[in-house]
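> quick one, structure for this:
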Amino acid sequence: MGEEKRKTICLYGLGQLALILEQPTGVWFYNRSAGYRRYHSEQEGILAIVGYDTEDLRVALAQYTLDMCELTEENADYIDSLFEKYFKENYSAQILKVNREKLKKSQEAWIYVTVDTKYEPREYEWPPFSGFNCEYGVVTWANSD
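Residues are numbered from 1 along each chain as shown. The predicted structure is shown next:
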């Protein structure tokens, strides 16, 4: 028997914010990133929707990172402030932060993040994901190209 073909899922045209939780699943998600440079970025993992009513956050991220092919500390601070505003308005904790170790690999439509695995939702909260033992992920959306 031949070698098993790699399992991939294309995220071009993604209509909302999504999070790829880094996990060894055998499934790779890919998207274009970095604006008109059209990089091909990919990550193995589990796809989760970031949350509900994320359009304002998606637009803010898309406008701010337009055509960026890497992030600086200053960029990461600003993006973290966007995450903080969204998560504190909708959840009891800031679940995602920009992964400072991967600033050079983060770009428009593809931002490496750390995931708060200790987040305990309140009784009335419906978290975008729970029960996964992972500390890293990628926030992604449709590239501007």
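> ok, now how distant is the residue nearest to residue 125 when sequence neighbours are not counted from residue 32?
Leaving out its chain neighbours, the residue that sits closest to residue 125 by Cβ to Cβ, 6 or more residues apart in numbering is residue 91, at 5.8 Å. Using the backbone N, CA and C atoms, a C-beta is placed for each residue, glycine as well. Counting by Cβ to Cβ, to the nearest Å, the separation of residue 91 from residue 32 is 29 Å.
> now swap in residue 105 and tell me
15 Å.
> can you check residue 38 too?
5 Å.
> and for these two, which residues touch both?
143, 145 (Cβ atoms under 8 Å, 6 or more residues apart in numbering).
> tell me the buried residues in the longest strand seen in the chain?
Secondary structure of the chain per DSSP state E: the longest strand is strand 39-49. Within strand 39-49, the residues that qualify as buried are 39, 41-48, counting by 16 or more other Cβ atoms under 10 Å.
> export only the CA atoms of stretch 37-45, formatted as CSV.
Only the C-alpha atoms of stretch 37-45 are listed here, as CSV (Å, rounded to 0.1, in the frame of the first residue of the first chain):
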residue,chain,number,x,y,z
ARG,A,37,2.6,38.8,-0.8
ARG,A,38,0.2,35.8,-0.7
TYR,A,39,2.3,33.6,1.6
HIS,A,40,1.0,30.0,2.1
SER,A,41,0.7,29.5,5.8
GLU,A,42,-0.3,26.2,7.4
GLN,A,43,-0.7,24.6,10.8
GLU,A,44,-1.7,21.2,12.1
GLY,A,45,-4.5,21.2,14.6
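> check the offset of it from the chain's centre.
Stretch 37-45 sits 12 Å away from the centroid of its parent chain (Cα atoms, centre = their mean, to the nearest Å).
> re the thing from before, neighbour count winner among residue 38 and residue 32?
residue 32 (23 against 10; other Cβ atoms under 10 Å).
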